[in-house]
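In: Okay, predicted coordinates and the sequence, questions at the end:
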Amino acid sequence: MKPLGPIPAGFETIGGELAIGGRTARELAGEGTPLFVYSAELMRRRVVRLRIAMPERLRIHYAVKANSYRPVLELMRGLVDGFDIASAGELEMVVAAGQDPQAVSFAGPGKRDAELNLAIRHGVTLNLESAGEARRALAIAEGLGVTPRLAIRVNPDFELRGSGMKMGGGAKPFGVDAGYVAELARAVIAAGADWRGLHIFAGSQALDAEAIVETQANTLDLAARLTAEIGAPLPHLNMGGGFGIPYFHGDRPLDIARIGAALAERFADLPAALADTEFAIELGRYLVGEAGVYLTRIVDRKESHGQVYLVTDGGLHHQLAASGNFGTVVRRNYPAAIATRFGAEPEEEASIVGCLCTPLDRLADQALLPRAEVGDLVAMFCAGAYGASASPSAFLGQGPAGEMLV
């Protein structure tokens, strides 16, 4: 038996079934499965709790890559202070959702000229990833007769300890090495750009509050040093994110109160170079991940060499991360449940698999579950981030899952 990850708090049980937004799993899945269901109420609660924990001065940005479903973008637009994007496609999505482009920043290596052009015309802040990108952005802006809003993404000399993905420290395709930032910033300012500051993102998916506190302190120290070297005020500092959510057995929720208290202490004693700086963190997974559930229907129940397999109409083409094929070294089980038997006691060991003809298509291995039959619904939790937006929905012609905000 392999343990399941912890089911996030806040979900209901109605008549023995999982319910989201007052509607049972069967009701939600009435128009077909597989289906991603996102709880608007859980997203609102998460942002409220975060704002209570963090210093009032800190702005909160939403990282669109986590979940770009338009109703989610429209909801988040009213909850956060800005959006962070990573492509022209995401820019078009947030503009269509009503977001003011001047509250949008654009990071990511390999921005094409057409993307730079679109972002500059919209007044988006470009987080420059290299000197070459800076030259291209300035040339495009000159051709348009527009003053570009430019910041520099920094590749810091430190990383976020224990993070799921390390975005800083050592050789990286992301950002400008810290030792070259000041020279590039002075050149950007001298060229007449609207200098928007620095973006320092060291890692993601950390559950250790002390590691995040340490990284934020290092980020503030580095920003102060770079600002002194640049010789110009720092209007904005994007401090990155890194706030993780529990996915696996033994994971514990992040202590955001500890992070907020430590950051408030630092803000109360900022160096003069940062006295007038606007600060922001960018979060995606932390804001929406635990608010999403992936519902998939069991289409076959079979046994092989004494093992029970629950075969569903979903799979890794919608939930790549839950299958263990999205950067996981050792596959572990995400939180999962039989949604239509949510109140029942576990009684058998079974593996939940998808409909694809590959042994990689596993949603849960040898998990202890209530006995489930054909027609029952499986719920995969922590599906609000990097599910639909990060899975190969076209694989084997299966097509995308439905999405719903309730």
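Out: That came through, no problem. Numbers count the residues shown, from 1 in each chain.
In: what's the distance between the top helix by length along the chain and the middle of its chain?
Out: Of all segments of type helix in the chain, defined using DSSP state H, the longest is helix 209-230. Relative to its chain's centre, helix 209-230 lies at 22 Å (C-alpha atoms, centre = their mean, to the nearest Å).
In: same deal with stretch 193-203?
Out: That offset, for stretch 193-203, works out to 19 Å (C-alpha atoms, centre = their mean).
In: With stretch 297-317 instead?
Out: 29 Å.
In: coming back round to it: show me what the longest helix of the chain is packed against.
Out: Packing partners of helix 209-230 (3 or more C-beta pairs under 8 Å, 6 or more residues apart in numbering; DSSP states H and E): helix 178-190, strand 194-200, strand 236-238, helix 256-267. In this view, the C-beta of every residue, glycine as well, is placed from N, C-alpha and C.
In: could those be laid out in TSV, adding mean neighbour count?
Out: Output for those, formatted as TSV (neighbours: other C-beta atoms under 10 Å):
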stretch	mean neighbour count
helix 178-190	17
strand 194-200	24
strand 236-238	25
helix 256-267	17
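In: Out of those, flag the one nearest Val213.
Out: helix 256-267 (4.3 Å; C-beta to C-beta).
In: got the buried residues for the helix or strand following that closest one?
Out: Next along the chain after helix 256-267, taking DSSP states H and E as the criterion, comes strand 278-283. Residues 279-283 are the ones in strand 278-283 that count as buried (16 or more other C-beta atoms under 10 Å).
In: for stretch 128-147, same thing?
Out: Neighbour count says stretch 128-147 has 128-130, 133-134, 136-138, 140-141 buried, by 16+ other C-beta under 10 Å.
In: pLDDT averaged over that stretch - what is it?
Out: For stretch 128-147, mean pLDDT rounds to 98.
In: and what of stretch 217-237?
Out: 96.
In: Extract the C-alpha set from it and format it as CSV.
Out: Extracted in CSV, the C-alpha atoms of stretch 217-237 (Å, rounded to 0.1, in the frame of the first residue of the first chain):
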residue,chain,number,x,y,z
ALA,A,217,16.2,38.3,3.2
ASN,A,218,18.8,37.5,0.6
THR,A,219,16.6,39.0,-2.1
LEU,A,220,16.3,42.3,-0.3
ASP,A,221,20.0,42.4,0.5
LEU,A,222,20.8,41.8,-3.2
ALA,A,223,18.3,44.4,-4.4
ALA,A,224,19.8,47.0,-2.1
ARG,A,225,23.3,46.3,-3.3
LEU,A,226,22.3,46.3,-7.0
THR,A,227,20.4,49.6,-6.5
ALA,A,228,23.4,51.2,-5.0
GLU,A,229,25.5,50.0,-8.0
ILE,A,230,23.0,51.2,-10.5
GLY,A,231,22.9,54.6,-9.0
ALA,A,232,19.1,55.1,-9.5
PRO,A,233,16.1,54.6,-7.3
LEU,A,234,14.4,51.1,-7.5
PRO,A,235,10.8,51.7,-8.3
HIS,A,236,9.7,48.0,-8.1
LEU,A,237,11.0,44.7,-6.8
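In: quick one: contacts of it?
Out: 125, 151, 154, 156-158, 178, 181-182, 185-186, 189, 195-200, 202, 239-240, 262, 266, 270-271, 273-274, 276-280 (C-beta atoms under 8 Å, 6 or more residues apart in numbering).
In: Off-centre distance for it?
Out: Centroid displacement of stretch 217-237 relative to its chain, using C-alpha atoms, centre = their mean, is 26 Å.
In: now the buried residues of stretch 128-147 in TSV, with distance to Arg121?
Out: Conversion of the buried residues of stretch 128-147 to TSV gives the following (distance: C-beta to C-beta, whole Å):
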residue	distance to Arg121
Leu128	17
Glu129	20
Ser130	21
Glu133	17
Ala134	18
Arg136	15
Ala137	12
Leu138	15
Ile140	9
Ala141	9
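In: Dump the helices and strands packed on helix 209-230 to a markdown table, plus distance to Gly10.
Out: Below are those laid out as a markdown table (distance: least, C-beta to C-beta, whole Å):
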| stretch | distance to Gly10 |
| --- | --- |
| helix 178-190 | 40 |
| strand 194-200 | 32 |
| strand 236-238 | 29 |
| helix 256-267 | 16 |
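In: So for Glu74, which of the ones you listed sits nearest?
Out: Using C-beta to C-beta, the helices and strands packed on helix 209-230 put strand 236-238 closest to Glu74, at 22.9 Å.
In: Run through the stretch 51-200 of the chain and note the low-pLDDT ranges.
Out: 159, 161-173 (pLDDT under 70).
In: what ranges do the strands span in it?
Out: In the stretch 51-200 of the chain, the segments counted as strands under DSSP state E, counting those that start in this stretch are 58-63, 82-85, 104-106, 125-128, 149-155, 165-166, 176-177, 194-200.
In: Point out the most buried one among those.
Out: Highest mean neighbour count of those: strand 125-128, a mean of 28 (counted as mean count of other C-beta atoms under 10 Å).
In: Contacts for it, please.
Out: Taking C-beta under 8 Å, 6+ apart as the rule, strand 125-128 contacts 102, 104-107, 111, 116, 119-120, 133-134, 137, 148-153, 176, 184, 188, 196, 199, 236, 238.
In: Give me the sheet partners of that strand and which way each runs.
Out: Paired strands of strand 125-128, with direction, are strand 104-106 (parallel), strand 149-155 (parallel) (DSSP bridges).
In: Just give the number of residues close to Thr358.
Out: 15 (other C-beta atoms under 10 Å).
In: before we move on, what about Glu348?
Out: 12.
In: quick one: it and Glu303, what's the gap?
Out: 11 Å (C-beta to C-beta, to the nearest Å).
In: Helix or strand: which one has Arg332?
Out: Using DSSP H and E, Arg332 falls outside every helix and strand.
In: Nothing else from me, thank you.
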